[in-house]
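K.L.:
take a look and give me a structure for this.
(2 chains)
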Amino acid sequence: MTLAVTVASLPVVEASRTIELQDVSAGYDGVPVLRDVDLTVRAGELLALVGPNGAGKSTLLKVVAGLLPPMRGRVRVLGARAGEESGRVAYLPQAESLRWDYPLLVEDVVLMGRIAKLGVGRRAAAADREDARAALARVDARDLAQRPIAALSGGQRQRVLLARTLVAGPDVLLLDEPATGVDPTTEEQLMRVLEQLAAEGKTVVVSTHDLAGVMAHFPRVVSLNGRIVADGTTAVLRDDRILRETYGGHRPGGPQLYGDEHHA
Amino acid sequence: MPDLFAPLAFTFVQRALVGSVLVGIVCASVGVFVVLRGLAFLGDAISHAAFPGVVIAFLFKVNLAIGGSIAAVASALTVGLIARRSGLREDVAIGVVFSGMFALGVVLFSGIKSYTGDLLGILFGDVLGVNEEQLAIAGVVTLVVVVSLWLVWKELVFVSFDPVGAAAAGLPVLRYDALLLALIGVTIAVSVQVVGIILVVAMLVTPAAAARLVAGTLRDMLALALAFAVGSAIVGIALSFFGNTASGATIVLVTTAVFALVWGIRAVRLRLLGA
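P.N.:
Have a look, this model is predicted:
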């Protein structure tokens, strides 16, 4: 018996373009960090942004999130201008930019994902708390719900932030260095969640320094160094010429300046 | 032993109690955010910026708290604007705007030939001289501030904890920051009557700071700050009555003592748990 599966019998659906950047330049105080970026990301894609510090990874994510208006070019997210669909776009900031010393419980932080939807004057209801617990369970951190955030490890912080992102119920997820300061077990678990989300049809864009993690998990890689150097499969990371253009003299995997102040 | 409740027979003591309790409530609530966001210096500066408004209100025989509020809120918002537009650090903008405002107040003040206790009261507080109109204004302001905080509590927490994440979620972060500054300004202006310009920042910062030392959740921090502030207000009024001391400063000293006590208890507890 032969399996006769023709291409025509498979549903060929053109997945919708959720992020479109055309000829975008962006930066701070009139100085561009990123130039001439053309990028299209579709629903269901899991994309890694790689490049050295200052390459424009965070800048690109901020432009898509609507946090930074581009200096030039056209940005469309979910068919609207960047920032307009903020309810369907979740942005996970670099963990170090948050005030982890605040007297908050993990559940409080996860529920922040609901604040924009709840609106002024309305408190989280039992259903919201249930969703928060479910989101924590999904990142394998259910037992952290009543823990003070000041006591969390780097890996736990990232789990909590991802749970907050999930509670917002987004179609597009933008994650700024979620693998920084995270132990290998946590990273594997977080990656599994991101892969599931992509499989569910979400668009997931992740900036990272962890090239080994990218090799293992990401179907698509965009390497940046002030512009897009390469855009393709993980083969990008095996191409010496591309690596040189992305990282200059620095070989990735060698000593890198994590915790650099300038995460542009 | 003196009868602790005897002073309550005096109307001015009753008014002073109500006034300082209201100030305790409004300062402790706003103070939670002042402490969390490290705005103590801004609070101190705003109180000094209220001074010219108070003097002008005095000259035109308007309620002093209204004049103070306008000057304080306007200066606070100006600082935010300068810091954003000029690229200067916020503490620098604060130093420029508020010392200028205080100097303006002093110049206007020195031009008044026959200033009275009213104005000195603004500098050092005169809760025993609070009249019913001032109490009514303090009551309304306290109500407005508390209701505003209740409405936007979770938004202010989000914006303070993670401004970038809050902006990405679609919250108007700059507007919430401006609202917080305005609430701080109004709170200071209305509290000046009780503790005076020089000491008002203590009411804003000290009870909330003591609460911050021991509270594990924001709810606890707010509850403790309220308890410390209201308790200090009542105890301070009583002490100043029996000791015949300046009431505003006495209240502030009680909050300082509460802070020291909480600090000590925490240190002992940490040592016991740690050892």
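K.L.:
tell me if residue A:226 really is in a helix.
P.N.:
No - assignment of residue A:226 by DSSP: H, G, I helix; E, B strand; the rest coil gives coil, placing it outside any helix.
K.L.:
I figured it hits residue A:35, correct?
P.N.:
Yes - counting by CB atoms under 8 Å, residue A:35 is a contact partner of residue A:226 at 6.2 Å. (C-beta placed from N, C-alpha, C; glycine too.)
K.L.:
who has more neighbours out of those two?
P.N.:
Between residue A:226 and residue A:35, residue A:226 has the larger neighbour count (other CB atoms under 10 Å in any protein chain shown), namely 20 against 17.
K.L.:
does residue A:206 belong to a helix, a strand or coil?
P.N.:
The assignment at residue A:206 comes out as strand when based on three-state DSSP.
K.L.:
bridge partners for it, pull those for me.
P.N.:
Counting by DSSP bridges, residue A:206 is bridged to residue A:48, residue A:175.
K.L.:
which residues touch it?
P.N.:
Residue A:206 makes contacts with A:46-49, A:175, A:178-179, A:194, A:218, as judged by CB atoms under 8 Å, 6 or more residues apart in numbering or on different chains.
K.L.:
quick one: it from residue A:177, how far?
P.N.:
According to CB to CB, to the nearest Å, residue A:206 and residue A:177 sit 8 Å apart.
K.L.:
just list what whichever helix or strand residue A:60 is part of packs against, helices and strands only.
P.N.:
Taking DSSP states H and E as the criterion, residue A:60 maps to helix A:57-65. Secondary-structure packing of helix A:57-65 (3 or more CB pairs under 8 Å, 6 or more residues apart in numbering or on different chains; DSSP states H and E): strand A:17-28, strand A:31-42, strand A:46-50, strand A:72-77, strand A:89-92, strand A:172-176, strand A:203-207.
K.L.:
so among the contacts of residue A:206, where is pLDDT lowest?
P.N.:
Lowest pLDDT among these: residue A:179, with 87.
K.L.:
tell me where the chain has helices.
P.N.:
In the absence of a named chain, this looks at chain A. A:57-65, A:106-118, A:126-138, A:154-167, A:184-199, A:211-217, A:240-247 (DSSP state H).
K.L.:
ah, no, chain B please
P.N.:
Using DSSP H, the helices of chain B run over B:11-36, B:40-59, B:64-86, B:90-111, B:117-124, B:132-161, B:163-168, B:173-195, B:200-214, B:218-243, B:247-274.
K.L.:
thinking again about what came up before, of the helices of chain A, which is nearest residue B:213?
P.N.:
For these, proximity to residue B:213 was assessed by CB to CB; helix A:106-118 is nearest, at 19.4 Å.
K.L.:
contacts for that closest one?
P.N.:
A:86-87, A:90, A:124, A:128-129, A:131-133, A:135-136, A:141, A:144-149, A:152, A:160-161, A:163-168, B:154-155, B:157-158, B:161-162, B:165-166, B:169-171, B:217-218.
K.L.:
any chance of a PyMOL selection covering the buried ones in those residues?
P.N.:
In PyMOL syntax, the buried subset of the contacts of helix A:106-118 is picked out as below (16 or more other CB atoms under 10 Å in any protein chain shown):
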select buried, (chain A and resi 86+90+124+128+131+132+133+135+136+141+144+145+148+149+152+160+161+163+164+165+166+167+168) or (chain B and resi 154+155+157+158+161+162+165+166+169+170+171+218)
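K.L.:
low-scoring stretches of chain A, by residue?
P.N.:
Low-confidence segments of chain A, defined by pLDDT under 70: A:1-15, A:249-264.
K.L.:
enumerate the residues of it near chain B.
P.N.:
Within chain A, the positions adjacent to chain B are A:29, A:65-67, A:83, A:86-87, A:89-93, A:97-99, A:102-105, A:108-109, A:111-113, A:115-116, A:118, A:120-121, A:123-124, A:148, A:164, A:168, A:174 by CB under 8 Å from any CB of the partner chain.
K.L.:
among those residues, the buried ones, what's the PyMOL command?
P.N.:
Typed into PyMOL, the line below selects the buried ones among the residues of chain A next to chain B, using 16+ other CB under 10 Å:
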select buried, chain A and resi 65+66+67+83+86+89+90+91+92+93+98+102+103+104+105+108+109+111+112+113+115+116+124+148+164+168+174
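K.L.:
was I right about residue B:178 contacting residue B:78?
P.N.:
No - Residue B:178 is beyond contact range of residue B:78, at 11.2 Å (criterion: CB under 8 Å).
K.L.:
can you name the residues of the stretch 51-200 of chain B sitting close to chain A?
P.N.:
Counting by CB under 8 Å from any CB, the stretch 51-200 of chain B sits next to chain A at B:87, B:150-152, B:154-155, B:157-158, B:160-162, B:164-171.
K.L.:
quick one on the thing from earlier: show residues contacting the helix holding residue A:60.
P.N.:
Here helix A:57-65 has contacts from A:19, A:21, A:24, A:26-28, A:33-34, A:37, A:39, A:49-51, A:68-70, A:75, A:77, A:82-83, A:89, A:91, A:94, A:172, A:174-177, A:205, A:207, A:224, A:263-264, B:168, using CB under 8 Å, 6+ apart.
K.L.:
same thing but at 7 Å, please
P.N.:
Contacts to helix A:57-65, defined as CB atoms under 7 Å, 6 or more residues apart in numbering or on different chains, come from residues A:19, A:24, A:26-27, A:33-34, A:37, A:49, A:51, A:68, A:70, A:75, A:77, A:82, A:89, A:91, A:174, A:176, A:205, A:207, A:224, A:263-264, B:168.
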